[in-house]
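In: Build me a model from this:
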Amino acid sequence: LKQVFNKDKTFRPKRKFEPGTQRFELHKKAQASLNAGLDLKLAVQLPPGEEQNDWVAVHVVDFFNRINLIYGTISDYCTEQSCPVMSGGPKYEYRWQDEHKYRKPTALSAPQYMNLLMDWIEVQINNEDIFPTNVGE
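Out: Numbers count the residues shown, from 1 in each chain. Prediction:
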């Protein structure tokens, strides 16, 4: 387990919701519904009286945290050598493009691609303009 939680690798700490905030309460509702073994349609249904954007934001952050944990468990097995291409099977190759270093779609190894992807997602989630943390924004 030490390898999974090695911050120098790919694991990032969970993004947490501030206790006492509306998003924290929504997070608790989401966790309770997901852990109760309910129908997924009901688990992600907007609770009455809640703001849809807040509910979606909570689920996006939870999804990122879960994917991050899953990726952390397999990252030692998918190396530059064993996964030289980021692909979705033999027919699909994913290429990275961004506004900084990779201005054109670029073939990368799976670990490079995933590190860039997880970093990009984390920047989006931490962007207050996209995911404000103050109630009512």
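
In: Okay, now the unreliable bits of this structure?
Out: For the chain, the stretches flagged by pLDDT under 70 are 1-15, 17, 22-23, 30-40, 135-137.

In: which helix of it spans the most residues?
Out: If you go by DSSP state H, the chain has its longest helix at helix 52-74.

In: same for whichever helix or strand comes after it, what does it pack against?
Out: The helix or strand immediately downstream of helix 52-74 is strand 95-96, counting by DSSP states H and E. For strand 95-96, the elements it packs on are strand 106-107, helix 110-125, judged by 3 or more C-beta pairs under 8 Å, 6 or more residues apart in numbering; DSSP states H and E. For glycine as for every other residue, the C-beta is placed from the backbone atoms N, C-alpha and C.

In: got the CA coordinates for the last one in PDB?
Out: Included here for helix 110-125 are C-alpha records, laid out as PDB according to Å, rounded to 0.1, in the frame of the first residue of the first chain:
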ATOM      1  CA  ALA A 110       0.100   6.000 -20.900                       C
ATOM      2  CA  PRO A 111       1.800   7.200 -17.700                       C
ATOM      3  CA  GLN A 112       2.700  10.500 -19.300                       C
ATOM      4  CA  TYR A 113      -0.800  11.000 -20.600                       C
ATOM      5  CA  MET A 114      -2.400  10.100 -17.300                       C
ATOM      6  CA  ASN A 115      -0.200  12.300 -15.300                       C
ATOM      7  CA  LEU A 116      -1.000  15.300 -17.600                       C
ATOM      8  CA  LEU A 117      -4.700  14.400 -17.500                       C
ATOM      9  CA  MET A 118      -4.900  14.100 -13.700                       C
ATOM     10  CA  ASP A 119      -2.900  17.400 -13.400                       C
ATOM     11  CA  TRP A 120      -5.200  19.100 -15.800                       C
ATOM     12  CA  ILE A 121      -8.400  17.900 -14.000                       C
ATOM     13  CA  GLU A 122      -7.000  18.900 -10.700                       C
ATOM     14  CA  VAL A 123      -6.300  22.500 -12.000                       C
ATOM     15  CA  GLN A 124      -9.900  22.600 -13.300                       C
ATOM     16  CA  ILE A 125     -11.400  21.400 -10.000                       C
END
